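>>> okay, sequence plus prediction incoming.
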Amino acid sequence: MAVARLGVPAHVTILSPFVDSARLDRRVVARIGEIVARVPAFDVELAAVRRWPASDLGPGVVWLEPRPGQPFVALTRAIWAAFPDHPPYGREDDELEAHLTLAIDDPARFDAVEAEAWRLVPFHRRVTIVALLVEDLDGRWRTRRRFPLGG
């Protein structure tokens, strides 16, 4: 995936697009930390491979479904409520569905990615942090801050 080559790790998106990196001040970072600290760490199973078809929004997506997805959606809603000018995916009407994106930028590879993913699931993880990723001027991404989940 091209975005992985730009430094984006495997992740479940909480809120994107978000505050421009030039405007990420202490107040914004502190507010994220406050919200995340109220959410207890949780276990998740990535057990199913899903696909969204191509649409006017993009070429489609191959993704893993986290179970439960609700903790991710709750985090999205909480951070969105604190930063209402930044709706998920830039669309206030977006139906929130937690997902771990595997392929988004090369539809010619979608079948192979999906087949490989089915060989790797299910697997379990404990979710203990939320990472704030920022895009640098050169288009590369880095983790600016990690926020531990509470509880």
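Yep, it's here.
>>> contact partners of stretch 133-145?
3, 6, 7, 8, 9, 11, 21, 24, 29, 32, 131, 132 (C-beta atoms under 8 Å, 6 or more residues apart in numbering). C-betas here are computed from N, CA, C, even on glycine.
>>> by neighbour count, which of those residues wins?
Using other C-beta atoms under 10 Å as the neighbour criterion, residue 32 leads the contacts of stretch 133-145 with 23 neighbours.
>>> wait, a helix at that one?
Yes. Counting by DSSP: H, G, I helix; E, B strand; the rest coil, residue 32 is located in a helix.
>>> specify the beta-bridge partners of the closest residue to it other than its chain neighbours.
When the adjacent residues along the chain are set aside, residue 32 lies closest to residue 147, with 6.0 Å between them (C-beta to C-beta, 6 or more residues apart in numbering). Counting by DSSP bridges, residue 147 forms beta bridges with residue 130.
>>> what helix or strand does residue 124 sit in?
Residue 124 is part of strand 123-127, with elements assigned from DSSP states H and E.
>>> would you confirm that residue 130 contacts residue 75?
Yes. Between residue 130 and residue 75 there is a contact under C-beta atoms under 8 Å: 6.7 Å.
>>> joint contacts of those two?
Residues within reach of residue 130 and of residue 75 at once, by C-beta under 8 Å, 6+ apart, are 14, 36.
>>> helices of the chain, start to end?
Using DSSP state H, the helices of the chain run over residues 2-5, 26-37, 70-82, 110-120.
>>> hang on, the earlier thing: which residues does the residue nearest to residue 32 contact?
32, 33, 36, 37, 129, 130, 131, 132.
>>> name the nearest of those residues relative to residue 111.
residue 131 (30.0 Å; C-beta to C-beta).
>>> returning to that earlier point: so which of the helices of the chain is nearest residue 53?
Here helix 110-120 is closest among these (C-beta to C-beta), at 10.0 Å.
>>> picking that back up, among the contacts of stretch 133-145, which pair sits farthest apart?
Pairwise distances across the contacts of stretch 133-145 (C-beta to C-beta) peak at 23.2 Å, for the pair 3 and 29.
>>> for the biggest strand by length in the chain, which helices and strands make contact with it?
For the chain, the strand that runs over the most residues, judged by DSSP state E, is strand 42-52. Other elements packing on strand 42-52 under the criterion 3 or more C-beta pairs under 8 Å, 6 or more residues apart in numbering; DSSP states H and E are strand 61-67, helix 110-120, strand 123-127.
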